[in-house]
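A.B. asks: quick one: sequence and predicted model below, then my questions.
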Amino acid sequence: MTRSRIYGLVGFVWFLMTIAAIVYATRLALVVAPTEATMGNVQRIFYYHVPTSMLSLLFPYVNFFASLCYLYWRSRDPLKALTADAVAIASAEVTVVYASICLLTGMLWGRAAWGIWWTWDARLTSMLLLWLLYVSYLMLRKLSATGQAHTLAAVLSVFAAIDVPIVYMSIQWWRTQHPAPVFFGGPDTGIDASMKPAFGYNVLGWAMWGIFLLLFRYALERRRQQVEQDAALQAIEASLEIAQ
Amino acid sequence: MTYAGHVVNHLRKDIRLEWRSRDSINGMLFFALLVVVVFAFAFDPTAAMSRQIAGGILWVALLFASVIALNQSWTREQRNRVLEAQRMAPSPASALFLGKALANFLFVAIVEAVLAPLFIVFYNLHALGQGWILAAVMPLGTWALVCNGTFFAALGLRTRNRELLLPLILFPISIPALLGMMQATTGILSGEFDPGPWVRLLIAYNIAFTTVCLLLFETVLSAE
């Protein structure tokens, strides 16, 4: 069997395991876990909201390290650099997807629990800014010419990584300087032991799904790079033939 | 030639270019003035209310105005392929960036110097807090905008829709700085809270991003 066949098989098995974990986690979250005392069934969105928000804070790190690797390998080992770049774009897209899900489920929950869709609370604002940063990263990739997109995007990723702690700090200050919002997001500290399996399996399931998306997107980007390289090679060969 | 010498040379070149055309400063000035007038129509502020909103409006006007000038500042280098020559020149790339950023800083500062009195007149402002802190907030805020703005304008130089791209990547990165300068200005004007933490935030932001810009500019300039 060729290497790509083996990778495909491993990916397929991983996909099946992911689906199984998500199905089991959904059953735990919607059926098995007890109904929460004050919020009722609305609280069940917690099992989707919190895992996706945790994961959307994790994938930016992957993007940042991949970008650093890209900048390091850019002139030393261009082929490795392209690998790092494929990881960077895949993780940025997964970040945007998970942050969007986190924001949307948060809004739904906020509407049901607090009566409002949105409040400029510290955590909500920080998450929105994270989303904005990574959307702008994808915009830059979309708008730049093919040859330069990797480098420019890697540079922007470094900027974003430096920006995130400053954003976090400044938003905290902003909210403590002003009157605190009427509603304060999130559950009380800690959850009941009977809810823990549902929460744990949802974290696991969605983490596996995120990794699956990341690897799938990575494989896609690698193929796109391959096609681009082949096209460039053919163009070079064609130009040589004319010269003779 | 020393590093400072290169920076001064680039700075002098940019100032001379601007002196001969005066495109950026005039454009920025008129644009910022228009924004101030439009906001006055939008809010119809009283003296008490304008203290609350003036900090935000001033910086929004300057932000939009500087984006226009920042896009212009690198387009000049593209004429007659000057930028290609700059890339081949033995002088350090970051000197080019620093000279350009300082020149842009100077232009925006001139716009501020003209705009501030007009602003005070139009919005009936007088600071209830310590007005002298504005002398620190204005340059710090301007540098925060201009330093990253110059960098991102260079980053977007060879992309499609260059003019569109700059605000799309500059604004999200600049949000903490914008928050800092707007809050500090509002704190000074309204006297309701201490602008100190926000000034420190701006200083930290400037140090962090000026360093990164200087380190990464060569990568961006020679991105292929």
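C.D. replies: Alright, I've got the coordinates. Being a predicted model, the structure only gives us computed values, none of them experimental.
A.B. asks: pLDDT of the strand or helix carrying residue B:65, averaged?
C.D. replies: In the assignment (DSSP states H and E), residue B:65 maps to helix B:47-78. In this model, helix B:47-78 has a mean pLDDT of 85.
A.B. asks: what residues of that helix count as buried?
C.D. replies: For helix B:47-78, a neighbour-count test (16 or more other CB atoms under 10 Å in any protein chain shown) marks B:50-51, B:53-63, B:65-74, B:76-77 as buried. Just so you know, the C-beta spots here come from the backbone N, C-alpha and C atoms, and that holds for glycine as well.
A.B. asks: do the same with stretch A:66-80
C.D. replies: Buried, per 16+ other CB under 10 Å, within stretch A:66-80: A:66, A:67, A:68, A:69, A:70, A:71, A:73, A:74.
A.B. asks: now do the SS call for residue 29.
C.D. replies: Picked chain A for this. What DSSP: H, G, I helix; E, B strand; the rest coil gives for residue A:29 is helix.
A.B. asks: gap between it and residue A:206?
C.D. replies: Noted for residue A:29: a distance of 11 Å to residue A:206, by CB to CB, to the nearest Å.
A.B. asks: any shared contact partners between the two?
C.D. replies: Residues within reach of residue A:29 and of residue A:206 at once, by CB atoms under 8 Å, 6 or more residues apart in numbering or on different chains, are residue A:48.
A.B. asks: quick one: the residue positioned nearest the centre of chain B and residue B:198, what's the gap?
C.D. replies: The centroid of chain B falls nearest to residue B:146 when counting by CA atoms, centre = their mean (3.3 Å). Remark: distance between residue B:146 and residue B:198 (CB to CB) = 18 Å.
A.B. asks: same check on residue B:188?
C.D. replies: According to CB to CB, residue B:188 stands 10 Å off from residue B:198.
A.B. asks: thought residue A:131 was touching residue A:97?
C.D. replies: No. Counting by CB atoms under 8 Å, residue A:131 does not reach residue A:97; the two are 10.3 Å apart.
A.B. asks: does chain A have contacts with stretch B:98-113?
C.D. replies: No. Judged by CB under 8 Å from any CB of the partner chain, stretch B:98-113 makes no contact with chain A; its nearest approach is 15.1 Å.
A.B. asks: try stretch B:124-140
C.D. replies: No. Stretch B:124-140 lies out of reach of chain A by CB under 8 Å from any CB, never closer than 13.6 Å.
A.B. asks: determine the three-state secondary structure at residue A:145.
C.D. replies: Secondary structure for residue A:145, judged by three-state DSSP, is coil.
A.B. asks: excluding chain neighbours, what is closest to it?
C.D. replies: Sequence neighbours aside, residue B:158 is the residue nearest to residue A:145 in space, at 6.0 Å (criterion: CB to CB, 6 or more residues apart in numbering or on different chains).
A.B. asks: just the pLDDT for that neighbour.
C.D. replies: You'll see residue B:158 listed with a pLDDT of 77.
A.B. asks: phi, psi for it please.
C.D. replies: When quoted as degrees, to the nearest 10, the phi and psi of residue B:158 stand at phi -110, psi 20.
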